[in-house]
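[1] quick one, what's the 3D model for this:
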Amino acid sequence: MQGAPCTSPQGETMNEFIWSIRVYYEDIDAGGIVYHANYLKFMERARTEWLRDMGFEQTQLKQQHNLIIVVRKISIDYFKPALFNDILYIKTHITQLGKASMTMTQEVLRDAEILCTAVVKLAAINAINQRPQALPPDIIKALQQH
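    Sure thing, here's the model as predicted:
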């Protein structure tokens, strides 16, 4: 699957990141479908892999910049269920980039079929005092170029 570019408010192009995961037995509920909270886990893993793909480990951000990125708000819509053994693709792309926050859209797909979508607002905060902290310039640059 190939991602389509999106544009930041500053006019830079930011591409989608796509990460795949298989649904395991532990991911499903008694009805045989993926338990609703597990979609959030899949999306979190995709965001972590997205950061890795840009060369940033969350432990590195915390150690070098006292920075952690946390979910501030999430809105999720479920359309169709994922099932045991499905291969899912999680698309992630930034729709808005601020000094200490970003908003992204994530979609969970089975082949080309959208199963759920989420709008995720992330905040950059200081790991020590848990107050908002500006993203370092190298991270902003990587986010704009990725």
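[2] what helix or strand is residue 96 on?
    Assessed by DSSP states H and E, residue 96 sits inside strand 87-97.
[3] any residues touching the next helix or strand after that strand, and which ones?
    Counting by DSSP H and E, the next helix or strand C-terminal to strand 87-97 is strand 101-110. Identification of contacts with strand 101-110 by CB atoms under 8 Å, 6 or more residues apart in numbering yields 1, 39, 42-43, 46-47, 72, 80, 82, 86-96, 114-124, 132, 143. For every residue, glycine as well, the C-beta is placed using N, CA and C.
[4] ok, strand 101-110: who's next to it in the sheet?
    Each strand paired with strand 101-110, and its direction, by DSSP bridges: strand 87-97 (antiparallel), strand 113-126 (antiparallel).
[5] just send those strands back as CSV, with distance to residue 21 too.
    CSV is the format used below for the strands paired with strand 101-110 (distance: least, CB to CB, whole Å):
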stretch, distance to residue 21
strand 87-97, 5
strand 113-126, 12
